[in-house]
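Student: structure for the following, please:
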Amino acid sequence: MPLQKISEFDPDYPNTLEGNDIKGMGVYVQGTDEKIGTVNDAVVDDQGAFRYLIVDIGFWIFGKKILLPVGKSRIDSTANRVYVVGITREQAENLPEYQEHTTLDYDYEEQVRGGYRTPSVESSATLGSTSGGTTPSPDSYTYADDADLYDVSAHEDQTFKLYEERLVASKQRRKSGEVSISKRVETETAKVAVPVEKERVVIERVTSQDTGKVVSAEAADFREGEVAHIDLYEEVPDIQKEAFLREEVKVQKVVDKETVEAQETIRREALDVDTDGTRIENKTDRG
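Tutor: Residues are numbered from 1 along each chain as shown. Below is the predicted model:
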């Protein structure tokens, strides 16, 4: 049963596991917030089944790495945590240390399994099936012989978390358009009527009652070259341009509110129970 690291078995394993990378998860004692280490890597068999987690237990024993059988772990991907089941610090101290050059053969695995099979005050209720018995031979041994160490379904108490998706509405502000407002100068020809006055000379010859009357030589003053000067004036238009306020334009933004509807397909997990005719009791925890 050759063992290898998960990255060696499947270089693209994060995508295979739908983006869930167990490396780097914190390792805690089950039922507490006591952190004992960090998952360094995972070990799978030739079928790709998880067999061990390589755990750096630096919070318990500085600089030591051990192999943790998957049956002794509970993975909570939502909390990014791995909980260990029924393992004491004393057991961890007695477990063989894992190093990068360690050969993962049957003999080494038996050393690891022996550490977890060892009875202790805290773990006596969770011992492997071969505890106190004869260890199988390499030729006949299967991981089913230590179901408590490798089969995650072998524990009596199991918790299934059913998840569902919900639509969470949020709003994003985006630019929907742009309005550019500017001024331009338009020209046109305007006409204005201006009344003006012009002076002209009117010569009028009139006949009076003295016309034809003989006058004395002294009264008749004949002079040559007598000239009368009269100044004539006229008005001409004086057109000037004046600027005045024609109108005032106010530009402002207003917010129109409306409700839009969006739809999306959501998923939920449901529990299928195959009782095979066995009577079961459903309880609902209201806590």
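
Student: show me what contacts T38?
Tutor: G24, M25, G26, V27, V55, D56, G58 (C-beta atoms under 8 Å, 6 or more residues apart in numbering). All C-beta atoms are positioned from the backbone trio N, CA, C, and that covers glycine.

Student: partner residues bridging I75?
Tutor: Beta-bridge partners recorded for I75 (DSSP bridges): V82.

Student: what's it in contact with, if anything?
Tutor: I22, M25, R81, V82, Y83.

Student: quick one: the first one and D56, what's the gap?
Tutor: Distance check for I22 against D56: by C-beta to C-beta, to the nearest Å, it reads 13 Å.

Student: list residues touching both of these two?
Tutor: Joint contacts of I22 and D56 (C-beta under 8 Å, 6+ apart) are V39.

Student: helices of the stretch 101-250 of the chain, start to end?
Tutor: 106-117, 147-150 (DSSP state H, counting those that start in this stretch).

Student: and those: which comes nearest Q263?
Tutor: Ranking the helices of the stretch 101-250 of the chain by proximity to Q263 (C-beta to C-beta) places helix 147-150 first, at 45.0 Å.

Student: need the contacts of I75 in a markdown table with distance to H101, can you?
Tutor: A markdown table is the format used below for the contacts of I75 (distance: C-beta to C-beta, whole Å):
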| residue | distance to H101 |
| --- | --- |
| I22 | 22 |
| M25 | 24 |
| R81 | 29 |
| V82 | 25 |
| Y83 | 29 |
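
Student: any quick ChimeraX command for the buried ones out of those?
Tutor: Only the buried entries of the contacts of I75 go into this ChimeraX selection, using 16 or more other C-beta atoms under 10 Å:
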select :22,25,81,82,83
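
Student: which members of the contacts of I75 are the farthest-apart pair?
Tutor: I22 and Y83 (13.0 Å).

Student: out of the contacts of T38, which are buried?
Tutor: Neighbour counting with 16+ other C-beta under 10 Å marks M25, G26, V27, V55, D56 as buried within the contacts of T38.
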